[in-house]
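Colleague: here's a sequence, model it:
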Amino acid sequence: MPEWRSPLLAVAGVSDTPDGPVWLTKVPGADSIWLEFGGVPNPAEVGQRLLPVAGALVAAEYHAIQVSEELANRLEEIDLLYAISDTLGRTLRLEEAAQKIVRDVSDVVGASRASIMVYDEEADALRTVAARGFNTDQLLPVDADDDSSVAAQVFRESRVIAYDPAQVEEMIALAPERGYRGGAFVSIPICYSAPGLPSRCIGVINLTDRLGTDSFTDRDIKLLTAIANQVGAAIENARLAARDLKQQGLRQELQLAHDLQLRLLPSPSVLQGAAHVAALCRPADSVGGDFYTFSKLGGGRVGVMVGDVSSHGFSAALVMALVLSAAGIHAASSLTPDETLTALLESLATELASTEMYLSVFYGVLDPDGTHLVYASAGHPHAFRIPRAGVPVRLETTAPPLGLAAAGSIDRLDLPWDGSNDLLCVWTDGLVESRNPDGVPFGEARLLEALVSRRELKVDDIVEGVFQEADEWCGEPTDDRTLLVLRM
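Modeller: Model (predicted):
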């Protein structure tokens, strides 16, 4: 009879049907599934014998469905981890990678709002580099010691903090100004551990407003922690890459400054036909405070200047550039070396006072016949006359260094000169004070011996040989080094 329906039974039992009695019972472990046994003389007895088999089949089907769902979820998580790894491997731009990670992670765990915050060491604050569900344009950094910020607490303590929806509602009531919204909330520390060093927190991943009313599960937190570890390594890589690019740019700028400074120094060709000169200046850093200059003066005279600013690096290099600029002007307009150094002191007085620097400087003028040297030495003891035969003669200082000397205190000396045989040798203290690995300085005596042993050579060969010997002695210098050798 088509209109007949089996009666609903509360418990297992026999029910009469148009086709005869049947036994109805629930499948164990599946209350919504009933089994019907009929068409046999004793359906209840047969059904009871077959029920365990039917129960096992249904349980196996349930288990298969659960395993399938679990595998699908795990596959989604694996795909997420792979996608994040691929994203991080394709770019060194942290903000670009973080934005995609935030989007993918919030999709998988079902959060409508998410963000990644990175610790800014200079500002000692957490800065949001990517977000989903809200605009970060006007979002201010969060101080790392902010007691009212969950993200700051997670950063300081390097531990996961998770709240269920009820706890978030309490947070909203207690601190509405923080901008918290309803739903579950979780904050995961982003940690990084360099080889051989302890782990440290470098940022935070935040997820909130989970779709539905459920809290974030332990499995969600485990997945997010694995992602945070990947992000931590990427943040450090991005920082290292940015730092390397910055250092490369700085090295290029330093090299440019080095080249520009050396171009301020004159070429020996300036004295062609008047004297033979060779000079070499090597800053300890990219730029330094040593300098030399030479020029043809009126009446066939030759002027030579060597100096050493009391420091090295950029500050000394700036003073050195001022000295060279002013020296060219004053040497051309002054009659004697002492007048030149006095004018130079007046020009640099303000700069030397403001920087608390001083400089030693030797300035000598040789007459056209090379029979007289007139010089002034402001605290520069490293000037010698080396004759073709005999011992070197020191050219004594005539005043304190510029910056320490008072106006009108600079004198000059005039002495005979054998232009064809005498060498004028002037250097800076970095050359004699450079030390070998045992701490022994190269020293004045060793330098003079190197000069005397080469005094018959061309001036270029003398300078090159002395520097080679000094380099072999000291290796890496710690101060600027300069040597000038001139023969008329």
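
Colleague: what segments of the stretch 201-350 of the chain are helices?
Modeller: Using DSSP state H, counting those that start in this stretch, the helices of the stretch 201-350 of the chain run over residues 218-264, 314-333, 337-355.

Colleague: look up phi and psi at V426.
Modeller: phi -130, psi 140 (degrees, to the nearest 10).

Colleague: enumerate every residue touching it.
Modeller: 292, 304, 306, 362, 380, 382-384, 483-484 (C-beta atoms under 8 Å, 6 or more residues apart in numbering). Heads up, the C-betas are built off the backbone N, CA and C, glycines and all.

Colleague: how about whichever strand or helix holds W473: buried residues?
Modeller: In this assignment (DSSP states H and E), W473 forms part of helix 459-474. Using 16 or more other C-beta atoms under 10 Å as the test for burial, helix 459-474 gives 459, 462-464, 466-467, 469-470, 473-474.

Colleague: now do that helix: distance to the chain's middle.
Modeller: 37 Å (C-alpha atoms, centre = their mean, to the nearest Å).

Colleague: now swap in stretch 185-204 and tell me
Modeller: Here the centre of stretch 185-204 is set off from its chain's centre by 19 Å, with C-alpha atoms, centre = their mean.

Colleague: pretty sure A399 contacts A378?
Modeller: Yes - with contact defined as C-beta atoms under 8 Å, A399 counts as touching A378 (4.7 Å).

Colleague: give me the common contacts of the two.
Modeller: 341, 405, 410.

Colleague: in JSON lines: those, plus pLDDT.
Modeller: JSON lines is the format used below for the shared contacts of A399 and A378 (pLDDT from 0 to 100):
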{"residue": "L341", "pLDDT": "92"}
{"residue": "A405", "pLDDT": "82"}
{"residue": "I410", "pLDDT": "91"}
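
Colleague: highest neighbour count among these?
Modeller: The most crowded member of the shared contacts of A399 and A378, judged by other C-beta atoms under 10 Å, is L341 (30 neighbours).

Colleague: contacting residues for it?
Modeller: 361, 363, 376, 378, 399, 402, 410 are the contacts of L341 under C-beta under 8 Å, 6+ apart.

Colleague: same check, this time on D480
Modeller: D480 touches 281-284, 288-290, 308, 312, 316, 428, 430, counting by C-beta under 8 Å, 6+ apart.

Colleague: so how far is V102 from it?
Modeller: 52 Å (C-beta to C-beta, to the nearest Å).

Colleague: now A450
Modeller: A450 is 67 Å from V102, by C-beta to C-beta.

Colleague: okay, the two: which has more neighbours?
Modeller: Shown here are A450 and V102; by other C-beta under 10 Å, V102 has more neighbours (23 against 19).

Colleague: counting by contacts, list what the helix holding W473 packs against.
Modeller: strand 276-282, helix 444-452, strand 481-487 (3 or more C-beta pairs under 8 Å, 6 or more residues apart in numbering; DSSP states H and E).

Colleague: list the buried ones in stretch 281-288?
Modeller: By neighbour count on 16+ other C-beta under 10 Å, the buried set for stretch 281-288 is 281-288.

Colleague: which one of the residues you listed is nearest to A331?
Modeller: Comparing the buried residues of stretch 281-288 against A331 with C-beta to C-beta places C281 closest, at 18.4 Å.

Colleague: which residue is the nearest non-sequential neighbour of that closest one?
Modeller: Spatially, and ignoring its direct neighbours in sequence, C281 is nearest to T482 (4.4 Å; C-beta to C-beta, 6 or more residues apart in numbering).

Colleague: neighbours around the one you found, how many?
Modeller: T482 - counted by other C-beta under 10 Å - has 25 other residues nearby.

Colleague: same thing with M357?
Modeller: 20.

Colleague: hang on, isn't it packed against A317?
Modeller: No - with contact defined as C-beta under 8 Å, M357 does not reach A317; the gap is 11.5 Å.

Colleague: circling back to that earlier point, so A399 and A378 - more neighbours on which side?
Modeller: A378 (29 against 24).

Colleague: you'd agree that one is up against T397?
Modeller: Yes - the pair A378 and T397 qualifies as a contact (C-beta under 8 Å) at a distance of 7.2 Å.

Colleague: okay, now the closest residue in space to G403 that isn't next to it in sequence: neighbour count?
Modeller: With sequence-adjacent residues excluded and distances taken as C-beta to C-beta, 6+ apart, G403 is closest to Y358, at 3.0 Å. Using other C-beta under 10 Å, the number of residues around Y358 comes to 22.

Colleague: give me the pLDDT for Y358.
Modeller: What the model reports for Y358 is a pLDDT of 88.

Colleague: what residues does it make contact with?
Modeller: Y358 neighbours (C-beta under 8 Å, 6+ apart): 309-310, 352, 379, 401-404.

Colleague: may I have the phi/psi pair for it?
Modeller: Backbone torsions of Y358, given as degrees, to the nearest 10, read phi -150, psi 170.

Colleague: can you pull out the low-pLDDT segments for the stretch 151-300 of the chain?
Modeller: Along the stretch 151-300 of the chain, the parts satisfying pLDDT under 70 run over 168, 171-182, 212-213, 237-238, 240-242, 244-245, 247, 249-251, 253-255, 257-258.

Colleague: related to what we said a few turns ago, most surrounded residue in the contacts of Y358?
Modeller: Highest neighbour count within those: V309, with 30 neighbours (other C-beta under 10 Å).

Colleague: dihedrals phi and psi, the residue lying closest to that residue once chain neighbours are set aside?
Modeller: Spatial nearest neighbour of V309, chain neighbours left out: G289 (3.0 Å); criterion: C-beta to C-beta, 6+ apart. Backbone geometry at G289, expressed as degrees, to the nearest 10, gives phi -110, psi 0.

Colleague: so what does whichever strand or helix holds A131 touch, helix or strand wise?
Modeller: Assigned by DSSP H and E, A131 belongs to strand 125-132. With contacts taken as 3+ C-beta pairs under 8 Å, 6+ apart, strand 125-132 sits against helix 94-109, strand 111-120, strand 142-143, helix 150-157.

Colleague: again, only using 6 Å
Modeller: With contacts defined as 3 or more C-beta pairs under 6 Å, 6 or more residues apart in numbering; DSSP states H and E, strand 125-132 has these neighbours: helix 94-109, strand 111-120, strand 142-143.
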